[in-house]
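Asker: Sequence below, structure please.
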Amino acid sequence: MLDTLRALLGPAHVLTGPDTEPHTREWTRKYRWQPLCVVRPADTAEVAAVLRVAQGAGATVVPVGGNTGLAGGTHAQGAIMLSLERLNRIRALNPAARTVTAEAGVVLSRLHEAAAEEGLYFPLWFGARGSAMLGGALSTNAGGSNVLRYGSTRGLCLGLEVVLADGRVLDLMSESHKDNTGYDLKDLFIGAEGTLGIITAAVMKLVPAARAHATATLAAPSLSAALDLLHRLQDATGGLVEAFEFMPRSYMTRLGQRRPDLGQPFDTLHDVTILVELGATAPRDCTAREDGTVPLTDLLEETLGTLMEQGAVLDAVIARSDAQRRRMWERREAAAEITLTQTPLVDTDVCVPLDRVESFLTEAQTRLAAMDPDATDVTVAHLGDGNLHYTVFPSRDDPAHLDAIREMIEDVVLSLRGSFSAEHGIGLSKLPSMARRKNPVALDVMRAIRAALDPKHTLNPGKTLPPATE
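Answerer: This is a model prediction of the structure:
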């Protein structure tokens, strides 16, 4: 089989032994493996050829992009690891239709740069954008900081190209905003983590690039006050809030310890620190006046000033330059660095309705204190869409104890009608959660779909769906 793959792709693109070392672990280093080989096809036809060879040999295939996942979705012990790094072409960028057609191995920052050259913006924005690839973002239905205004990856995708387990190419590359021709097959593959087929290209939406941003870090007396602030800003600006990020005292404390070079926004730590950003395209909002002030920034400042007078905002600092704006974002985007580099830990990626974020934190912290009085926690959240990255550092590294904490968090989330997985995917980490919490009928339907598309379970086996119980 390896000889056949070398003949198809060229020996330089079939890595074995020590050459596979960069592909033997995930970013978190929680999961390690040794693949049979790493193959690097150059186009969709070569991906299809690899899958036909694997199917004939009974080999399993695990796709990988930038390998920035956090849930074990690229674990590939003894498997063919199919890297999409060479499928890195932007096939077309259509400013008139405001779409971009790109292959799965295109790094997100390249899409940002290409869109910017046309005065447009690709609104999928998160800390790993400099290495994460489009295929991985689609396979996990990634979110990020702009979901509040633009939606997650699924909402940005118009069309897909997918190679099925048997090597057939499924062309769903619609550029239309409306396509009601039967089942929406595209949405099956988004968020499926490569278990139903391998995404090789996609048509994605672009939006007008903001001509001005207004960015501020503020302190609020409570999460309920922060939520009221979000609604007030949305009303005042006509929905121009692009990001509304929550960094509580626990996060800002760890930030000061791990990244003192980034500084603190205020002299005093507050329980609720918010990073808010508005983006506008209309000249009335963006055109600087003779004194250099920008209407959008003035609107943010006036709104915050009114709320400070009412006691709804305790303190605020507004970015007056691109450098100040970047520093504010650096504090938020250091989240993975300062929360996922300590063990033992229980990292979660949950979502609850906006008005229940405070209830989640109160209840989870109360229950955690009863379970493990010496445990600590840290939170950072996309508050505008209710997505919390709630991380617990237990006092002991006992697998049963760690799972009990995770199950407790699930209990709280589901009591609030939330979800135990928001934007990082299921992978291996959340298989127990899927088995415990996902509706049994939904799991049966998912297994039936997988059996229809990949009956031999050759694509990313053991991920996303827990095995059926007798």
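Asker: Where does pLDDT dip in the stretch 51-200 of the chain?
Answerer: Residues of the stretch 51-200 of the chain that meet the criterion pLDDT under 70 are absent altogether.
Asker: Now do the strands in it.
Answerer: 61-64, 80-83, 90-94, 99-103, 120-121, 157-163, 169-172, 198-205 (DSSP state E, counting those that start in this stretch).
Asker: Please spell out which residues along the longest helix that the chain contains are buried.
Answerer: Determined from DSSP state H, the single longest helix within the chain is helix 399-415. Judged by neighbour count using 16 or more other Cβ atoms under 10 Å, the buried positions of helix 399-415 are 401-402, 405-406, 408-413. C-betas here are computed from N, CA, C, even on glycine.
Asker: Tell me the one of those residues nearest residue 19?
Answerer: Distance ranking of the buried residues of helix 399-415 against residue 19, using Cβ to Cβ, places residue 402 first at 34.3 Å.
Asker: out of everything not next to it in sequence, what's closest to that closest one?
Answerer: Spatial nearest neighbour of residue 402, chain neighbours left out: residue 346 (5.4 Å); criterion: Cβ to Cβ, 6 or more residues apart in numbering.
Asker: For whichever helix or strand residue 255 is part of, what is the distance to the chain centroid?
Answerer: For residue 255, the host element (DSSP states H and E) is helix 249-258. Centroid separation for helix 249-258 versus its chain: 22 Å, with Cα atoms, centre = their mean, to the nearest Å.
Asker: Contacts for that helix next, please.
Answerer: Residues outside helix 249-258 that contact it (Cβ atoms under 8 Å, 6 or more residues apart in numbering) are 247, 262, 264, 269-271, 273, 331, 334-335, 337-339, 341, 376-380.
Asker: and these, which are buried?
Answerer: The neighbour count (16+ other Cβ under 10 Å) marks 247, 262, 269-270, 273, 331, 334-335, 338-339, 377-380 as buried among those.
Asker: tell me the two of these that are most distant?
Answerer: 262 and 377 (21.1 Å).
Asker: Show me where the stretch 301-450 of the chain dips below the pLDDT cut-off.
Answerer: For the stretch 301-450 of the chain (pLDDT under 70), the answer is none.
Asker: for the stretch 51-200 of the chain, what spans make up the helices?
Answerer: Here the stretch 51-200 of the chain has its helices, by DSSP state H, counting those that start in this stretch, at 108-117, 134-140, 147-150, 153-156, 186-189.
Asker: Let's see the third one as CSV, backbone CA atoms only.
Answerer: What follows is helix 147-150, C-alpha atoms only, in CSV (Å, rounded to 0.1, in the frame of the first residue of the first chain):
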residue,chain,number,x,y,z
VAL,A,147,-20.1,34.9,15.8
LEU,A,148,-22.2,37.6,17.6
ARG,A,149,-22.5,39.5,14.3
TYR,A,150,-21.7,37.1,11.5
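Asker: Nearest residue to the residue nearest the centre of the chain in space, please, no chain neighbours.
Answerer: With the centre of the chain defined as its mean C-alpha position, the nearest residue by Cα atoms, centre = their mean is residue 142, 3.3 Å away. Among residues not flanking residue 142 along the chain, residue 153 sits closest, at 5.0 Å (Cβ to Cβ, 6+ apart).
Asker: Check residue 145 too.
Answerer: residue 243 (4.4 Å).
Asker: For the most far-flung residue of the chain relative to its centre, which three-state class applies?
Answerer: In terms of distance from the mean C-alpha position of the chain, residue 290 ranks first, at 40.8 Å (Cα atoms, centre = their mean). Here residue 290 is recorded as coil under DSSP: H, G, I helix; E, B strand; the rest coil.
Asker: What is the burial count for residue 21?
Answerer: Look at residue 21: counted by other Cβ atoms under 10 Å, it has 11 neighbours.
Asker: Can you give me the domain assignment for this structure?
Answerer: 2-83, 90-208, 212-335, 342-435 (automatic domain parsing).
Asker: Using JSON lines, please lay out the buried ones among the contacts of helix 249-258 together with secondary structure.
Answerer: As requested, the buried ones among the contacts of helix 249-258 are exported to JSON lines (three-state DSSP):
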{"residue": "247", "secondary structure": "strand"}
{"residue": "262", "secondary structure": "helix"}
{"residue": "269", "secondary structure": "coil"}
{"residue": "270", "secondary structure": "coil"}
{"residue": "273", "secondary structure": "strand"}
{"residue": "331", "secondary structure": "helix"}
{"residue": "334", "secondary structure": "coil"}
{"residue": "335", "secondary structure": "helix"}
{"residue": "338", "secondary structure": "helix"}
{"residue": "339", "secondary structure": "helix"}
{"residue": "377", "secondary structure": "strand"}
{"residue": "378", "secondary structure": "strand"}
{"residue": "379", "secondary structure": "strand"}
{"residue": "380", "secondary structure": "strand"}
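Asker: could the residues you listed go into JSON lines alongside distance to residue 65?
Answerer: Shown next, in JSON lines, are the buried ones among the contacts of helix 249-258 (distance: Cβ to Cβ, whole Å):
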{"residue": "247", "distance to residue 65": "28"}
{"residue": "262", "distance to residue 65": "28"}
{"residue": "269", "distance to residue 65": "38"}
{"residue": "270", "distance to residue 65": "38"}
{"residue": "273", "distance to residue 65": "33"}
{"residue": "331", "distance to residue 65": "27"}
{"residue": "334", "distance to residue 65": "23"}
{"residue": "335", "distance to residue 65": "21"}
{"residue": "338", "distance to residue 65": "24"}
{"residue": "339", "distance to residue 65": "23"}
{"residue": "377", "distance to residue 65": "31"}
{"residue": "378", "distance to residue 65": "28"}
{"residue": "379", "distance to residue 65": "28"}
{"residue": "380", "distance to residue 65": "24"}
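Asker: Residue 171: neighbouring residues, count only.
Answerer: 12.
Asker: Which strand residues bridge it?
Answerer: Applying DSSP bridges to residue 171 gives these bridge partners: residue 161.
Asker: try residue 203
Answerer: residue 101, residue 159.
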